[in-house]
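Visitor: Got a predicted structure plus its sequence, pasted below:
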Amino acid sequence: MSLLHPRASARRVSILAAAGSLLLLSPPAVAHDDDHVDDGVMDSAEETHGHHEQHGGDEGHLPAGSENVRLVGKGTVGHLAEGRVADVGVHKGYAYLTAFNAPRCKQGGVYVMDIQDPTAPTQVSFVNTSKGSYAGEGSQTISIDTPQFTGDVLAFNNEICDDTAKQANGGMTLVDVTDPTEPQKLVSHAGDLGADGKANEIHSVFLWDAGDKAYAVLVDNEESADVDIMDISDPRNPVLVAEHDLAAMFPQILQEGVGLDAVFLHDMVVKEIDDRFVMLLSYWDGGYVTLDVTDPVNPTLLGDSDFAFPDPEAAEHGLDVDPEGNAHQAEFTLDNDHIIAADEDFSPYKSKALNATDGTTMTVTDGSDTPALPTGETFEWTTVFTGLACNGGAAVPAATGPGQIAVVERGVCAFTEKVANVEAAGGYEAVLVFNREGADGCSELVTMLVEGGVPAMFVGRQVGYGLFDVAYDEEACRAGDGTAQAPIEIGTTGDSVRFESVFDGWGYVHLYDNNAGKLTELDTYAIPEGMDEAHADGSGDLSVHEVAVSEQQADLAYLSYYAGGLRVVRIVGGELQEVGHFIDEEGNNFWGVQVFEMDGTEYVAASDRDSGVYIFEYTGP
């Protein structure tokens, strides 16, 4: 792809902070430009869900058991492999499960499961993506009745795992599933087209019928104007009608200067409330946002959330840490009085970073596949500038003594190559890479897809310059073409840096009043193990992923909690209380969750990443 857009915390999210005080957040990932080498900037959309330890694996899982939840049935899908299944949606007695990119990016698409007999879900068809593309977060099916089309339409997202495949393409695919056993594609790869004529890849899609019109909202992975709205009244010929950058349109949704800087759209729903169509967007560090999209071209801001300092759920468990953001997915309750929202965070640890010489804090991200800093320990190292550290370039000097960290400039070659050359030089405790010049570089952060035997971290260019007392100009840096190298002599010794890794828990759930203006936060909820450092490793991923509200009870909701299983919560006196749960004998790794009704009974479909669909019934009071 030409641009990479962040989609969530990396495997070991690191840190940071803003000037004056340590502010902890999940790291943003930023695009790389095709004029530069593909150096290993992480596609966080893929990485977000690609690394999970599955049940039955070496990580283990929480104890099996259930309370007030009955397992009604479960069904497996074809092409089964660990991590194969992603999201789930339900419509008219059929479940639609997206086929992710595991174990290899082949046979992506959507499994169609007949769940009319909820005790025996059975696959009846499969809808494929194009070669080099896969589906993940965004499967949804609705009924559309417009002058141009009447029937049931399945939508799924297309993300790209192979840029070299001629058919690899983004956008959304719309499928006529009026007969789910014989799906008929209406359009493939509809979306915002790039210069190459292909649609930008998208992370999620949501449809709504507005009467004579029907619309789709797409998460555009490749642009900051990432709220793309298409008129799908004729689903064979979707038309892009709006591209919105909420951060630019409504800057009041941002919490500037506190380190919550990874601002982008991750997920959204649209619901008709009081004769208007209201969109609820999960805008990552921008929080949760409500918009009136009755006129999708001219949306009106209704409300938005801020993250509280210190982190309220962590504080309940005796942890004094700042919030990470990570607004991942949310829904309105049945009566529209509340919003239940899921913050996704796969890293129960974060690093605190400091320029120990001048006392300024640093915003840092960790590399994907390099050793993590040991928890509870503090490390202070002297910086040494080692250049680009690329094969065929200036040699990396060996460390001259213990306690030194190699500072490397991004550019020319891959991050893994840089780390390998630092390791070959010998003696360095870790690697700190700072960004290059260019519109997509400078003070921006990326998450490095990198392998190596020493810790590797990333900072903005201004931080790297500051370590060596070099003057920095952001405007001039942005205007650069990425070829200019830092005016620092290789081998120069700079300031000392200090790192500390602290436990801050897994992702959890918020309860908000659905009021205008700043949303009032009423409560937070996490499974106990998610805030217990004893479960930081060895129990699988203990972050929440999604919420689905009951369609029968306004105070009831269901949570997919990865290795934490299915959780049922109820709003009691303005608080979220767990009233049920389920974890299978071999453990679970639930991604999606969706409620549906059959013969007056409310059921819950949950997608297990390694098997298929589980069907549950809540049996509690």
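Guide: Here it is on my side, so go on.
Visitor: Going by C-alpha atoms from here, please, whenever you check contacts or count neighbours.
Guide: OK.
Visitor: Beyond the strand or helix carrying Ser204, next helix or strand please.
Guide: In the assignment (DSSP states H and E), Ser204 maps to strand 202-209. Counting by DSSP H and E, the next helix or strand C-terminal to strand 202-209 is strand 214-220.
Visitor: Partner strands of that next one, with direction?
Guide: Here strand 214-220 is paired, per DSSP bridges, with strand 202-209 (antiparallel), strand 227-231 (antiparallel).
Visitor: The strand holding Ser204: how far from the chain's middle?
Guide: On the basis of C-alpha atoms, centre = their mean, to the nearest Å, strand 202-209 sits 16 Å off its chain's mean C-alpha point.
Visitor: do stretch 574-582 as well
Guide: Centroid separation between stretch 574-582 and its chain, computed with C-alpha atoms, centre = their mean, is 24 Å.
Visitor: Please state the backbone phi and psi of Ala341?
Guide: Dihedral pair for Ala341: phi -130, psi 140, per degrees, to the nearest 10.
Visitor: host element of the residue nearest to it when sequence neighbours are not counted?
Guide: Spatial nearest neighbour of Ala341, chain neighbours left out: Ala330 (4.1 Å); criterion: C-alpha to C-alpha, 6 or more residues apart in numbering. Ala330 belongs to strand 327-332 when assigned by DSSP H and E.
Visitor: for Glu475, same thing?
Guide: If you go by DSSP H and E, Glu475 is part of helix 474-479.
Visitor: Parallel or antiparallel, list what pairs with the helix or strand following that helix.
Guide: Moving toward the C-terminus from helix 474-479, the next helix or strand (DSSP H and E) is strand 493-503. Applying DSSP bridges, strand 493-503 is found paired with strand 349-355 (antiparallel), strand 378-385 (antiparallel).
Visitor: Out of those, flag the one nearest Ile142.
Guide: Closest of the strands paired with strand 493-503 to Ile142 is strand 349-355, at 39.8 Å (criterion: C-alpha to C-alpha).
Visitor: For that closest one, list every residue counted as buried.
Guide: 349-355 (16 or more other C-alpha atoms under 10 Å).
Visitor: burial measure for Asp275, as a count.
Guide: 8 (other C-alpha atoms under 10 Å).
Visitor: so what's the residue lying closest to Val595 once chain neighbours are set aside bridging to?
Guide: The shortest distance from Val595 to any non-neighbouring residue, by C-alpha to C-alpha, 6+ apart, is to Val604 (4.4 Å). Under DSSP bridges, the beta-bridge partners of Val604 are Val595, Phe616.
Visitor: residues in contact with Val604?
Guide: Taking C-alpha atoms under 8 Å, 6 or more residues apart in numbering, we find Val604 in contact with 558, 593-596, 615-617.
Visitor: how near is it to His510?
Guide: For Val604, the distance to His510 (C-alpha to C-alpha, to the nearest Å) stands at 21 Å.
Visitor: just Pro310 next, same as before
Guide: Per C-alpha to C-alpha, Pro310 is found 14 Å from His510.
Visitor: Please say which of those two ends up with more neighbours.
Guide: Legend: neighbour count by other C-alpha under 10 Å for Pro310 and His510, higher for His510 (22 against 15).
Visitor: Wait, that one touches Leu519, no?
Guide: No. Applying C-alpha atoms under 8 Å as the test, His510 and Leu519 come out as separate, 11.0 Å apart.
Visitor: if we can go back for a sec, send the alpha carbons of the strand holding Ala330 over as CSV?
Guide: Coordinates of each C-alpha in strand 327-332 appear next as CSV, following Å, rounded to 0.1, in the frame of the first residue of the first chain:
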residue,chain,number,x,y,z
ALA,A,327,-11.0,4.0,21.6
HIS,A,328,-11.7,0.9,19.6
GLN,A,329,-15.5,0.2,19.3
ALA,A,330,-18.7,1.3,21.0
GLU,A,331,-22.5,1.0,20.8
PHE,A,332,-25.6,2.9,22.0
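Visitor: chain center to that strand, what's the gap?
Guide: 12 Å.
Visitor: Restricting to C-alpha, output the helix ranked longest in the chain in CSV.
Guide: In the chain, assigned by DSSP state H, the helix with the most residues is helix 415-425. Only the C-alpha atoms of helix 415-425 are listed here, as CSV (Å, rounded to 0.1, in the frame of the first residue of the first chain):
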residue,chain,number,x,y,z
PHE,A,415,15.0,-1.3,10.6
THR,A,416,16.0,-5.0,10.9
GLU,A,417,19.2,-4.3,8.9
LYS,A,418,20.0,-1.3,11.1
VAL,A,419,19.6,-3.3,14.3
ALA,A,420,21.6,-6.2,12.9
ASN,A,421,24.5,-3.9,12.1
VAL,A,422,24.5,-2.3,15.5
GLU,A,423,24.5,-5.8,17.1
ALA,A,424,27.4,-6.8,14.8
ALA,A,425,29.4,-3.8,15.9
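Visitor: can you give me the offset of that helix from its chain's centre?
Guide: In terms of C-alpha atoms, centre = their mean, the centre of helix 415-425 is set 29 Å apart from its chain centre.
Visitor: does Leu319 sit in a helix, a strand or a coil?
Guide: coil (DSSP: H, G, I helix; E, B strand; the rest coil).
Visitor: Now it. Nearest residue, chain neighbours left out?
Guide: Distances taken as C-alpha to C-alpha, 6+ apart place Asp504 nearest to Leu319, at 6.8 Å, with adjacent residues excluded.
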